[in-house]
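Peer 1: could you look at this predicted model? Sequence included:
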Amino acid sequence: MLFRAFVILFLPFIYLNVAFAGEGSLNPWGYEGGTGPDHWGELEKDHEKHLMCREGKNQSPINISDVRGSKLASLKFHYFNTPIKIINNTHTMHLNYDRGSYVTWGNQRFKLIQFHFHHPSEHLIAGKPYAMEMHMVHKTPQHEYVVIGVFLKEGKYNPHLEKIWDRFPSEIDKETVYREDTVNPIDILPEKKTYFHYFGSLTTPPCSENVNWFVLNTPIEISRDQIRYFQKFIDHNSRPTQKLNHRVVVKAK
(Lines give C-alpha, C1' and ligand atoms only; values in the text may rest on other atoms or scores of the structure.)
Protein backbone atom coordinates (compact mmCIF):
# COMPACT_ATOMS: atom_id res chain seq x y z
CA MET A 1 0.00 0.00 0.00
CA LEU A 2 2.91 2.36 0.67
CA PHE A 3 4.07 2.35 -2.93
CA ARG A 4 0.52 2.88 -4.23
CA ALA A 5 -0.05 5.73 -1.82
CA PHE A 6 2.91 7.67 -3.12
CA VAL A 7 1.84 7.05 -6.69
CA ILE A 8 -1.54 8.65 -5.96
CA LEU A 9 0.09 11.51 -4.05
CA PHE A 10 2.54 12.60 -6.74
CA LEU A 11 1.31 11.41 -10.15
CA PRO A 12 -0.24 8.39 -11.83
CA PHE A 13 2.14 5.45 -12.09
CA ILE A 14 1.81 3.54 -15.35
CA TYR A 15 3.47 0.37 -16.47
CA LEU A 16 6.62 0.71 -18.49
CA ASN A 17 8.04 -1.65 -21.04
CA VAL A 18 11.03 0.35 -22.16
CA ALA A 19 14.76 0.28 -22.73
CA PHE A 20 17.08 1.86 -20.17
CA ALA A 21 20.36 3.65 -20.61
CA GLY A 22 22.94 1.41 -22.12
CA GLU A 23 20.83 -1.01 -24.15
CA GLY A 24 22.48 -0.73 -27.55
CA SER A 25 24.32 2.04 -29.35
CA LEU A 26 22.40 1.47 -32.58
CA ASN A 27 20.00 4.27 -31.68
CA PRO A 28 21.11 7.49 -33.40
CA TRP A 29 21.60 9.57 -30.28
CA GLY A 30 24.55 10.80 -28.29
CA TYR A 31 25.63 13.56 -25.94
CA GLU A 32 27.10 16.15 -28.29
CA GLY A 33 26.27 18.03 -31.48
CA GLY A 34 23.34 17.18 -33.69
CA THR A 35 22.53 13.96 -31.84
CA GLY A 36 22.92 15.46 -28.35
CA PRO A 37 20.23 15.93 -25.68
CA ASP A 38 18.84 19.12 -27.28
CA HIS A 39 17.95 17.07 -30.36
CA TRP A 40 16.75 13.79 -28.87
CA GLY A 41 13.12 14.69 -29.51
CA GLU A 42 13.90 15.44 -33.17
CA LEU A 43 15.65 12.22 -34.15
CA GLU A 44 14.45 10.86 -37.47
CA LYS A 45 14.53 7.24 -36.35
CA ASP A 46 11.61 6.44 -34.02
CA HIS A 47 10.71 10.15 -34.00
CA GLU A 48 7.36 9.70 -32.24
CA LYS A 49 8.91 7.34 -29.71
CA HIS A 50 11.41 10.00 -28.67
CA LEU A 51 9.00 12.95 -28.49
CA MET A 52 8.83 12.65 -24.70
CA CYS A 53 12.46 13.83 -24.58
CA ARG A 54 11.20 17.21 -25.80
CA GLU A 55 7.59 17.35 -24.62
CA GLY A 56 7.67 15.48 -21.31
CA LYS A 57 6.81 17.41 -18.14
CA ASN A 58 8.32 14.99 -15.63
CA GLN A 59 11.80 14.49 -17.01
CA SER A 60 15.06 13.43 -15.37
CA PRO A 61 17.64 14.23 -14.17
CA ILE A 62 16.86 17.21 -11.94
CA ASN A 63 18.63 19.65 -9.66
CA ILE A 64 17.79 18.54 -6.11
CA SER A 65 17.54 21.66 -3.99
CA ASP A 66 14.09 22.35 -2.52
CA VAL A 67 13.08 19.18 -0.69
CA ARG A 68 10.52 18.18 1.91
CA GLY A 69 11.32 15.83 4.77
CA SER A 70 9.03 12.87 5.29
CA LYS A 71 8.90 9.54 7.06
CA LEU A 72 9.42 7.07 4.26
CA ALA A 73 10.11 3.36 4.24
CA SER A 74 13.74 2.32 4.15
CA LEU A 75 15.28 0.76 1.08
CA LYS A 76 16.35 -2.77 1.92
CA PHE A 77 18.89 -4.37 -0.36
CA HIS A 78 19.03 -8.10 -1.08
CA TYR A 79 21.85 -8.34 -3.58
CA PHE A 80 23.87 -11.43 -4.41
CA ASN A 81 27.08 -11.99 -6.34
CA THR A 82 26.75 -12.24 -10.09
CA PRO A 83 29.27 -12.90 -12.88
CA ILE A 84 30.57 -9.72 -14.48
CA LYS A 85 28.67 -9.25 -17.75
CA ILE A 86 29.66 -5.93 -19.22
CA ILE A 87 28.90 -4.04 -22.44
CA ASN A 88 30.55 -0.93 -23.84
CA ASN A 89 27.80 0.51 -26.01
CA THR A 90 29.41 3.97 -26.42
CA HIS A 91 26.64 5.45 -24.23
CA THR A 92 27.84 3.91 -20.97
CA MET A 93 29.43 0.88 -19.35
CA HIS A 94 26.44 -1.37 -18.80
CA LEU A 95 26.44 -4.45 -16.54
CA ASN A 96 23.64 -7.00 -16.81
CA TYR A 97 22.63 -8.76 -13.61
CA ASP A 98 21.62 -12.38 -13.02
CA ARG A 99 18.22 -13.09 -11.49
CA GLY A 100 17.71 -13.27 -7.75
CA SER A 101 18.85 -9.88 -6.46
CA TYR A 102 16.25 -7.31 -5.44
CA VAL A 103 15.45 -4.28 -3.30
CA THR A 104 12.33 -3.75 -1.19
CA TRP A 105 10.54 -0.51 -0.34
CA GLY A 106 7.68 -1.06 2.05
CA ASN A 107 5.89 -4.15 0.77
CA GLN A 108 7.10 -3.74 -2.81
CA ARG A 109 9.90 -5.82 -4.32
CA PHE A 110 11.97 -4.77 -7.32
CA LYS A 111 14.45 -7.06 -9.01
CA LEU A 112 17.83 -5.71 -10.06
CA ILE A 113 18.30 -6.10 -13.80
CA GLN A 114 21.31 -3.90 -14.62
CA PHE A 115 23.48 -1.02 -13.52
CA HIS A 116 25.58 1.54 -15.39
CA PHE A 117 27.58 4.75 -14.94
CA HIS A 118 27.44 8.42 -15.95
CA HIS A 119 30.19 11.05 -16.00
CA PRO A 120 29.67 13.58 -14.54
CA SER A 121 26.66 12.96 -12.31
CA GLU A 122 23.30 13.57 -13.96
CA HIS A 123 21.49 14.71 -10.83
CA LEU A 124 22.78 17.83 -9.11
CA ILE A 125 22.66 18.76 -5.44
CA ALA A 126 21.98 22.49 -4.97
CA GLY A 127 23.31 23.09 -8.46
CA LYS A 128 26.52 21.12 -8.06
CA PRO A 129 27.42 17.84 -9.78
CA TYR A 130 29.44 14.96 -8.43
CA ALA A 131 32.23 13.36 -10.43
CA MET A 132 30.06 10.41 -11.50
CA GLU A 133 26.74 8.69 -10.85
CA MET A 134 25.77 5.01 -10.84
CA HIS A 135 22.24 3.98 -11.79
CA MET A 136 20.86 0.66 -10.58
CA VAL A 137 17.77 -0.31 -12.55
CA HIS A 138 15.05 -2.50 -11.01
CA LYS A 139 11.60 -3.69 -12.04
CA THR A 140 8.66 -5.85 -10.94
CA PRO A 141 6.94 -8.56 -13.02
CA GLN A 142 4.29 -5.91 -13.74
CA HIS A 143 6.96 -3.71 -15.39
CA GLU A 144 7.01 -1.09 -12.66
CA TYR A 145 10.46 0.47 -12.58
CA VAL A 146 12.69 1.89 -9.89
CA VAL A 147 16.09 3.46 -10.48
CA ILE A 148 18.46 4.03 -7.57
CA GLY A 149 21.07 6.71 -8.16
CA VAL A 150 24.39 6.69 -6.31
CA PHE A 151 26.78 9.64 -6.39
CA LEU A 152 30.53 9.09 -6.80
CA LYS A 153 32.79 11.85 -5.51
CA GLU A 154 36.49 12.24 -6.21
CA GLY A 155 38.50 10.91 -3.31
CA LYS A 156 40.03 7.60 -2.32
CA TYR A 157 40.78 4.71 -4.64
CA ASN A 158 37.79 2.35 -4.77
CA PRO A 159 38.82 -1.33 -4.94
CA HIS A 160 35.23 -2.55 -5.49
CA LEU A 161 34.85 -0.41 -8.59
CA GLU A 162 38.30 -1.43 -9.81
CA LYS A 163 37.05 -4.98 -10.33
CA ILE A 164 34.69 -3.54 -12.94
CA TRP A 165 37.09 -0.93 -14.29
CA ASP A 166 39.70 -3.63 -15.01
CA ARG A 167 37.25 -5.32 -17.34
CA PHE A 168 36.05 -2.43 -19.49
CA PRO A 169 35.76 -3.86 -23.02
CA SER A 170 37.10 -1.96 -26.00
CA GLU A 171 34.88 -3.86 -28.42
CA ILE A 172 31.57 -2.08 -28.93
CA ASP A 173 28.10 -3.59 -28.41
CA LYS A 174 29.33 -7.01 -27.39
CA GLU A 175 28.66 -8.42 -23.95
CA THR A 176 31.85 -9.70 -22.36
CA VAL A 177 31.23 -12.29 -19.65
CA TYR A 178 33.64 -13.18 -16.83
CA ARG A 179 32.05 -16.24 -15.25
CA GLU A 180 34.82 -16.68 -12.68
CA ASP A 181 34.78 -13.04 -11.61
CA THR A 182 31.76 -11.84 -9.65
CA VAL A 183 30.51 -8.45 -8.55
CA ASN A 184 27.97 -7.29 -5.97
CA PRO A 185 26.79 -3.66 -5.92
CA ILE A 186 26.10 -3.91 -2.19
CA ASP A 187 29.89 -3.66 -1.78
CA ILE A 188 29.85 -0.38 -3.70
CA LEU A 189 26.94 1.29 -1.90
CA PRO A 190 27.47 3.76 0.96
CA GLU A 191 26.83 2.54 4.48
CA LYS A 192 24.12 5.17 4.99
CA LYS A 193 21.30 4.64 2.51
CA THR A 194 18.92 7.54 3.13
CA TYR A 195 17.57 9.01 -0.08
CA PHE A 196 15.74 11.65 -2.07
CA HIS A 197 12.59 10.43 -3.79
CA TYR A 198 10.71 11.78 -6.79
CA PHE A 199 8.96 10.63 -9.97
CA GLY A 200 10.80 11.26 -13.21
CA SER A 201 11.87 9.63 -16.43
CA LEU A 202 14.60 7.72 -18.14
CA THR A 203 17.61 9.97 -18.69
CA THR A 204 18.18 8.58 -22.20
CA PRO A 205 15.90 8.18 -25.23
CA PRO A 206 13.02 7.45 -25.32
CA CYS A 207 12.88 9.49 -22.04
CA SER A 208 9.79 7.56 -20.89
CA GLU A 209 8.22 9.00 -17.74
CA ASN A 210 6.79 7.63 -14.48
CA VAL A 211 10.09 6.18 -13.37
CA ASN A 212 10.32 5.93 -9.59
CA TRP A 213 13.62 7.55 -8.56
CA PHE A 214 15.58 7.09 -5.34
CA VAL A 215 18.80 9.11 -5.21
CA LEU A 216 21.01 8.21 -2.25
CA ASN A 217 22.24 11.36 -0.53
CA THR A 218 25.52 9.86 0.71
CA PRO A 219 28.17 9.57 -2.01
CA ILE A 220 30.84 6.93 -2.37
CA GLU A 221 34.44 7.73 -3.29
CA ILE A 222 36.39 7.10 -6.48
CA SER A 223 39.93 8.16 -7.25
CA ARG A 224 40.92 10.74 -9.85
CA ASP A 225 42.79 8.06 -11.80
CA GLN A 226 39.69 5.86 -11.88
CA ILE A 227 37.60 8.76 -13.16
CA ARG A 228 40.15 9.49 -15.87
CA TYR A 229 40.24 5.85 -16.90
CA PHE A 230 36.46 5.84 -17.38
CA GLN A 231 36.86 8.96 -19.55
CA LYS A 232 39.22 7.10 -21.86
CA PHE A 233 36.25 4.99 -22.92
CA ILE A 234 33.33 7.38 -22.37
CA ASP A 235 34.28 11.00 -21.84
CA HIS A 236 30.87 12.51 -21.17
CA ASN A 237 27.44 10.86 -20.90
CA SER A 238 25.22 13.07 -18.78
CA ARG A 239 21.92 14.61 -19.80
CA PRO A 240 21.43 18.20 -18.58
CA THR A 241 18.99 18.72 -15.71
CA GLN A 242 15.32 19.18 -16.56
CA LYS A 243 12.63 21.46 -15.14
CA LEU A 244 11.01 20.24 -11.93
CA ASN A 245 7.60 21.71 -12.90
CA HIS A 246 4.92 20.65 -10.42
CA ARG A 247 6.85 17.78 -8.86
CA VAL A 248 7.87 17.46 -5.24
CA VAL A 249 11.16 15.96 -4.06
CA VAL A 250 10.98 14.22 -0.70
CA LYS A 251 13.93 13.45 1.57
CA ALA A 252 13.54 10.38 3.75
CA LYS A 253 14.09 11.16 7.44
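Peer 2: Everything's here; your move. Since the structure is predicted, the reported quantities are computational estimates derived from the model, not experimental observations.

Peer 1: now the helices for the stretch 1-150 of the chain?
Peer 2: Taking DSSP state H, counting those that start in this stretch, the helices of the stretch 1-150 of the chain run over residues 2-10, 52-55.

Peer 1: ugh, typo on my part, it should be the stretch 151-253 of the chain
Peer 2: 159-165, 224-233.

Peer 1: among those, which is the most enclosed?
Peer 2: helix 159-165 (a mean of 17; mean count of other C-beta atoms under 10 Å). For the C-beta atoms, the positions are set from N, CA and C on the backbone; glycine is no exception.

Peer 1: now do the same for that one: mean pLDDT, whole number.
Peer 2: Helix 159-165 shows a mean pLDDT of 96 in the predicted model.

Peer 1: could you dump the helices of the stretch 151-253 of the chain to CSV with distance to residue 211?
Peer 2: Rendered in CSV, the data for the helices of the stretch 151-253 of the chain read as follows (distance: least, C-beta to C-beta, whole Å):
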stretch, distance to residue 211
helix 159-165, 24
helix 224-233, 24
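
Peer 1: for residue 216, find the nearest of those.
Peer 2: Among these, the nearest to residue 216 by C-beta to C-beta is helix 159-165 (15.4 Å).

Peer 1: what's the closest one packed up against?
Peer 2: strand 82-88, strand 176-183, helix 224-233 (3 or more C-beta pairs under 8 Å, 6 or more residues apart in numbering; DSSP states H and E).

Peer 1: what does that helix rub up against?
Peer 2: The contact list for helix 159-165 (C-beta atoms under 8 Å, 6 or more residues apart in numbering) reads 84, 86, 93, 95, 152, 181, 183, 187-188, 222, 226, 229-230.

Peer 1: how far does it sit from the chain's center?
Peer 2: Helix 159-165 has its C-alpha centroid displaced from the chain centroid by 18 Å (C-alpha atoms, centre = their mean, to the nearest Å).

Peer 1: mind listing what the residue nearest the centre of the chain touches?
Peer 2: The residue lying closest to the centre of the chain (C-alpha atoms, centre = their mean) is residue 135, at 2.6 Å. For residue 135, the contacting residues are 20-21, 115-118, 147-150, 203, by C-beta under 8 Å, 6+ apart.

Peer 1: 6 Å instead?
Peer 2: Shown in contact with residue 135 (C-beta atoms under 6 Å, 6 or more residues apart in numbering): 116, 147, 149.

Peer 1: for residue 228, same thing?
Peer 2: By C-beta under 6 Å, 6+ apart, no residues touch residue 228.

Peer 1: measure it to residue 135 for me?
Peer 2: Applying C-beta to C-beta, to the nearest Å, the value for residue 228 to residue 135 is 21 Å.

Peer 1: any idea how far residue 207 is from the closest residue to residue 40 other than its chain neighbours?
Peer 2: Excluding its sequence neighbours, the residue lying closest to residue 40 (C-beta to C-beta, 6 or more residues apart in numbering) is residue 53, at 3.8 Å. Distance, residue 53 to residue 207, using C-beta to C-beta: 4 Å.

Peer 1: same question for residue 243.
Peer 2: 13 Å.

Peer 1: neighbour count: the two, which is higher?
Peer 2: residue 207 (27 against 12; other C-beta atoms under 10 Å).

Peer 1: confidence score at that one?
Peer 2: If you check residue 207, the pLDDT there is 92.

Peer 1: OK, contacts around it?
Peer 2: Contacts of residue 207 (C-beta under 6 Å, 6+ apart): 52-53, 56, 201.

Peer 1: out of those residues, which is nearest to residue 195?
Peer 2: residue 201 (17.8 Å).

Peer 1: count the residues that sit near the closest one.
Peer 2: Around residue 201 there are 26 residues (other C-beta under 10 Å).

Peer 1: over to residue 173?
Peer 2: By other C-beta under 10 Å, the residues close to residue 173 number 12.

Peer 1: quick one: it and residue 91, what's the gap?
Peer 2: 10 Å.

Peer 1: now do residue 247
Peer 2: 26 Å.
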